[in-house]
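1. next input, structure requested:
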Amino acid sequence: GVLLKDGAGEKKKSALVVIDMSVEQWAGIEYRREDTVQVIQSLMHLSPSLKPTNLKPDPNPNPSPTPKNFTFDLIIDSHLSMKCAPDSFREETPKMESTTTPSRNVISESTLCGITASGREGSKEAEILPQLAKIPNVQFIEKKQFSCFYGSSLDAALRGAGIEMLFVVGINTNYCVFATVLDGWERGYEMGVVVDGVTSCDGSEGHERGMQMLRSFFGESDRVHFLNSTDLLEW
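-> Presented below is the predicted three-dimensional model:
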């Protein structure tokens, strides 16, 4: 629990950032699939005591399966939600159901539109996993690139809440998790990588490669920490 306190022994204001846990992106995960989503679900139940005023309370909240000694001050769901030109990804299939009518005049707002069919704004498959969607006190922030910070309101939301430390979970260890940790570190946040709460669509090799990238890049930093979910759940 030492890294969760500041020099005066007070608890640092912290946020949990849940990366790309959408239906379509999670469909490509096989490595540590069940264990990872259970860890993320448990951490998301460490809800802040004060609900954001822009969120409606859940009429049927799930009981928290975890102790309440530690809670995050903010919980962020950040997954791809992009406006993309209809022909931006030629292998895109028509099976994705959308609640919006695509316009031929739409200009792609991200280079990711050209390399993935995922994350189309308005697509039901681009929504967060149903078991995570039921958890209250979670703020959704649209993600536009590998990093959750790029082109989004994430930094403003964190600064507005006085957040000092970010804990990241989700996918993919060797892509968006790495990019978000790097971006957060560059912006002066203290970062925590929850090792048992991240995985990769590239399997164990991709996950381990991502962890190697993180440890190699941040190995000498005292502002990037590697921990397990139990370090928070049992704090």
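2. can you count the residues close to Lys13?
-> 16 (other CB atoms under 10 Å). (Each C-beta comes from the backbone N, C-alpha and C, glycine too.)
3. I'd like the next helix or strand past the longest helix along the chain.
-> Identified as the longest helix of the chain according to DSSP state H is helix 203-218. Counting by DSSP states H and E, the next helix or strand C-terminal to helix 203-218 is strand 224-227.
4. mind listing what that following strand pairs with, with the direction of each?
-> The pairing partners recorded for strand 224-227 under DSSP bridges are strand 190-199 (parallel).
5. for Val198, give the beta-bridge partners.
-> Gly170.
6. returning to that earlier point: report the angle between the longest helix of the chain and strand 190-199.
-> For helix 203-218 against strand 190-199, the angle by axes from the mean of the first three to the mean of the last three CA atoms, to 10 degrees is 170 degrees.
7. so where is the chain shaky, pLDDT-wise?
-> The model of the chain has pLDDT under 70 over residues 1-2, 48-68, 90-105, 235.
8. and if we set it to 50?
-> Low-confidence segments of the chain (pLDDT under 50): 1-2, 50-58, 61-67, 92-99, 102-103.
9. would you map the helices across it?
-> With DSSP H as the criterion, the chain has helices at 23-26, 33-44, 130-133, 154-160, 178-186, 203-218, 230-233.
10. JSON lines for those helices, including distance to Thr116 and mean neighbour count?
-> Below are those laid out as JSON lines (distance: least, CB to CB, whole Å; neighbours: other CB atoms under 10 Å):
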{"stretch": "helix 23-26", "distance to Thr116": "9", "mean neighbour count": "20"}
{"stretch": "helix 33-44", "distance to Thr116": "20", "mean neighbour count": "19"}
{"stretch": "helix 130-133", "distance to Thr116": "21", "mean neighbour count": "14"}
{"stretch": "helix 154-160", "distance to Thr116": "20", "mean neighbour count": "16"}
{"stretch": "helix 178-186", "distance to Thr116": "14", "mean neighbour count": "21"}
{"stretch": "helix 203-218", "distance to Thr116": "16", "mean neighbour count": "16"}
{"stretch": "helix 230-233", "distance to Thr116": "31", "mean neighbour count": "18"}
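11. right, I'll call it a day here.
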